[in-house]
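Colleague: For reference, the sequence and a predicted model appear below.
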Amino acid sequence: MNSDSPLLSLVIPVFNESASLEELYSRTTAVLDNLGSSWEVITVDDGSQDNSLRLMRDLREKDKRWRVIQLSRNFGQTAALYAGFSQAQGQYILMMDADLQVYPEDIPLLYEKLVDGCDMVSGWRINRKDSFFRKGVSFLLNRYTERVTGFKFHDHGCSLKGFSRTMVDHMLEFSHRCRYLPVDAAMLGGRAEEVKVRHAERKHGSSKYSILKLLRTGFDMLTSVTIIPLQMVGILGGLCAVAGFLMGMRVLYFRLVYGNIQQLESIIAAFFFLSGMQLMVTGLMCEYVGRIYIETQRKPLYIVQKEWD
C-alpha cells in the first residue's frame, strides 16, 4: 500500500443482482461517506447472466471509488471474495453481499471493531427473515463450523464480515482450492468478535444458496478441511473387530464350559472380526490418501477476465 491507498475496502461479490445495484450504491455510499475515512468498494462480477456487469460499470463511471472486477465465469461466492481481497488496498477489508438482506447501515459497527484492534469481526443476524427450514439448516451448519474451527460464533454464515489487512494478506497466501472463510480465519487465529446486525427479507430475485447448496457447503468443508470421513472408516473397522472378538470369546466360553459350539455364531464372529480388520487397514490407507488429497489441491481459485479500476 502507498500513501494514496484508502483506509477501508469493501468487497461485494455480484451474481445476477441487477435489480438491487442502484439501491446498494446509494445506501452504501452514504454510509461510507459518513465514516469520515477514505474508502473504496470493489464489486466482483461472478459470471452474471443479467445486466449486472453493465450497471456495475455505470456505477464506476459515476463514482471512481467503486471498482469493478469481472471473472471469466461463475466461480462461486468465496472465489469472488478472494478475487476482491487480492485487489483490496485498504488497511481494513469488509465484505458484504449485494442482495441487501444485511444492512449497509450496519457497516460502522464492524468498522469500529476493526479500528479497535480486531483481526476479524463477523455479523450476527438477529430476527432473521428466512424460512424455518433454512434457519434450521443454518443452525446445524453453524454448530458444525464451530466444532471444526473453534470459533464460538452464533452466525458463521452472515455475509457481513470484516478483516484486518494482516489477516487478509495471510489468507491470500493459502493455496487450497475449496475454501470457507470462517475456517481460513480460524487457522490464522487472532482476535475475533461478533456484533449483532439487522436482517431484511430479500426484495429482488432469490437466494443463490439453495438448501442443497448449503448442504454441499457443509460437505465441502468436511471433506476439504478435515479427513474425518476417512478416519471414520478406521473407527468403524475397529468397532467391528472388537465386536467380532467379543463374539468369538463368547463362542469359546460356551465351547469350554458346555462343550457346545454354535456354528452360525462362530461364522458371524469370524465375519465381524475379519471385516473389521480389513476396514481398519483400509482406514489407514485412506488416512494417507486423505493427507495427499488435502496437500495437492492446486487449481486456480478464480480467473480475472477484466478489471476496471
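Modeller: Perfect, I can see it now.
Colleague: Give me the most central residue, this protein.
Modeller: Geometric centre of the chain, nearest residue: Tyr180, 2.6 Å, by CA atoms, centre = their mean.
Colleague: From Ala79, how far off is that one?
Modeller: 12 Å (CB to CB, to the nearest Å). Using the backbone N, CA and C atoms, a C-beta is placed for each residue, glycine as well.
Colleague: OK, contacts around the residue nearest to Val14 when sequence neighbours are not counted?
Modeller: Nearest residue to Val14, sequence neighbours excluded (CB to CB, 6 or more residues apart in numbering): Ala98, at 4.8 Å. Residues near Ala98 by CB atoms under 8 Å, 6 or more residues apart in numbering: Ile12, Pro13, Val14, Glu17, Ser20, Leu21, Leu24, Thr43.
Colleague: from the residues you listed, which ones fall inside strands?
Modeller: Ile12, Pro13, Val14, Thr43 (DSSP state E).
Colleague: Just the closest of the residues you listed to Glu112, please.
Modeller: Nearest to Glu112, judged by CB to CB, of the ones in strands among the contacts of Ala98 is Ile12 at 20.2 Å.
Colleague: What is the neighbour count of the closest one?
Modeller: Using other CB atoms under 10 Å, the number of residues around Ile12 comes to 24.
Colleague: try Cys118
Modeller: There are 22 residues near Cys118, going by other CB under 10 Å.
Colleague: Can you tell me the element it falls in?
Modeller: Following DSSP states H and E, there is no helix or strand that holds Cys118.
Colleague: got it, and the one 4 residues further on?
Modeller: Secondary-structure assignment from DSSP H and E places Ser122 in strand 120-125.
Colleague: again with Phe272
Modeller: Taking DSSP H and E as the criterion, Phe272 maps to helix 263-295.
Colleague: quick one, domains of the chain?
Modeller: If you go by automatic domain parsing, the domain ranges for the chain are 8-226, 228-294.
Colleague: Put together a markdown table for the ones in strands among the contacts of Ala98, with distance to Leu71 and pLDDT on each row.
Modeller: Shown next, in a markdown table, are these (distance: CB to CB, whole Å; pLDDT from 0 to 100):
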| residue | distance to Leu71 | pLDDT |
| --- | --- | --- |
| Ile12 | 13 | 96 |
| Pro13 | 9 | 94 |
| Val14 | 10 | 94 |
| Thr43 | 11 | 96 |
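Colleague: if we can go back for a sec, just the pLDDT for the residue nearest to Val14.
Modeller: pLDDT, Ala98: 92.
Colleague: what does the one 10 residues further on give?
Modeller: Each residue has a pLDDT score; the one for Pro108 is 96.
Colleague: before we move on, back to that, can you spell out which helices and strands pack onto the strand holding Ser122?
Modeller: Counting contacts by 3 or more CB pairs under 8 Å, 6 or more residues apart in numbering; DSSP states H and E, strand 120-125 packs against helix 107-115, strand 161-164, strand 192-197.
Colleague: And these: which comes nearest Asp184?
Modeller: Closest of these to Asp184 is strand 161-164, at 10.0 Å (criterion: CB to CB).
Colleague: What is the distance between that closest one and the centre of its chain?
Modeller: Strand 161-164 sits 14 Å away from the centroid of its parent chain (CA atoms, centre = their mean, to the nearest Å).
Colleague: what residues does that strand touch?
Modeller: Around strand 161-164, the neighbours that count as contacts under CB under 8 Å, 6+ apart are 91-95, 110-111, 113-114, 118-123, 171, 181, 185, 190.
Colleague: Strand partners (parallel or antiparallel) of it?
Modeller: Sheet pairing of strand 161-164 (DSSP bridges) gives strand 92-95 (antiparallel), strand 120-125 (antiparallel).
Colleague: would you turn the ones you listed into CSV with distance to Leu35, mean pLDDT and mean neighbour count?
Modeller: Putting the strands paired with strand 161-164 into CSV (distance: least, CB to CB, whole Å; pLDDT from 0 to 100; neighbours: other CB atoms under 10 Å) gives the following:
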stretch, distance to Leu35, mean pLDDT, mean neighbour count
strand 92-95, 10, 96, 24
strand 120-125, 15, 92, 24
